[in-house]
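**Student:** Below are the sequence and a predicted model; questions follow.
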Amino acid sequence: MYLLRFTCRSLLNKRFTHCRKCMEEFPVGHRPAIVIFDLDFTVWPYWADCHLDPPFSEANGIVKDNKRETVELYSDTIKIFEFLKHHSVPMAIASKSPETRMYHGLMKLLDIHKYFVQFEIYCKNKQNHMRAIHTGQKVDFQDMIFFDDEYNNIRSTRELGVTAVHCPNRRGLTWEIFMSALKAHDVKHSQPSLHR
C-alpha cells in the first residue's frame, strides 16, 4: 500500500516520533543545493488536473474534492519533506500542468505548500522549470536533484547536468528511491570532473 490517507494533522507529528534517528544525520557528504519535485504520480497518486474534481475542501485535516473523494499523498512524501526541512535543504516544485492556481490551492489544503521555496507549474519542457529554479535560487544544475515519474522529463533535465531520478510504475517517490538518489548525487560529485 503506497498511499497515506490524511487524517488529523496532529497524527503527522506522531508518525515521525519513530524515525528521529533517520533525521539526525545526513547520509552522504555532499548535500544537494536544492531538491525538486514533480507533483503528479510523484508526490500524489493522480494527474490532479484530470483525476480530481475541484473545488476542494478541508475539514479536520481531511481534504476532499467536489465528489467527496479523499485526496491522498504517497506514504513517504511527508517523511521526505520533513527530512529535508530538518537538514535545511531547500525544496521546489516543477510540475507540467496548466492548472497553476488549482495546484497551489491543493498544496495549501494538504499543508505541503509551506515546504517549498519556489514553484514552477506550467506546460513546458521541464528544462524550462530547471532554468527558472537555477535563476531564482542561484544554484548550479549539477547541485540539483529532481524527481519525476515521466522518463522523458528525466532524460531532458539530465542534459542540463541535473541529478534526475525516475519514480516508476506510478508508485511515487519512496524513501528507498530518495536515499538512492542522495547516494548517486554524492557519487557524482566525488568524480574529479565535477570538482570546482
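**Tutor:** Everything's here; your move.
**Student:** Can you tell me the SS state at the closest residue to Val35 other than its chain neighbours?
**Tutor:** Nearest residue to Val35, sequence neighbours excluded (CB to CB, 6 or more residues apart in numbering): Ile145, at 4.8 Å. Bear in mind the C-beta positions are built from the backbone N, C-alpha and C, glycine included. Counting by DSSP: H, G, I helix; E, B strand; the rest coil, the backbone at Ile145 sits in strand.
**Student:** so Ile145 bridges to which residues?
**Tutor:** Ile145 forms beta bridges with Val35, Thr163, as assigned by DSSP bridges.
**Student:** Surely it touches His185?
**Tutor:** Yes - between Ile145 and His185 there is a contact under CB atoms under 8 Å: 5.4 Å.
**Student:** Check the contact lists of the two and give me the overlap.
**Tutor:** Residues touching both Ile145 and His185 (CB atoms under 8 Å, 6 or more residues apart in numbering): 32, 163.
**Student:** what about Val165, neighbour count?
**Tutor:** By other CB atoms under 10 Å, the residues close to Val165 number 22.
**Student:** what's near enough to touch it?
**Tutor:** Applying CB under 8 Å, 6+ apart, the residues near Val165 are 145-148, 154, 177, 180-181, 184.
**Student:** Any of those residues buried? List them.
**Tutor:** 145-148, 154, 177, 181 (16 or more other CB atoms under 10 Å).
**Student:** Let me know the helix or strand that the closest residue to Ile112 other than its chain neighbours is in.
**Tutor:** Nearest residue to Ile112, sequence neighbours excluded (CB to CB, 6+ apart): Phe81, at 6.5 Å. Phe81 is part of helix 77-86 when elements are defined by DSSP states H and E.
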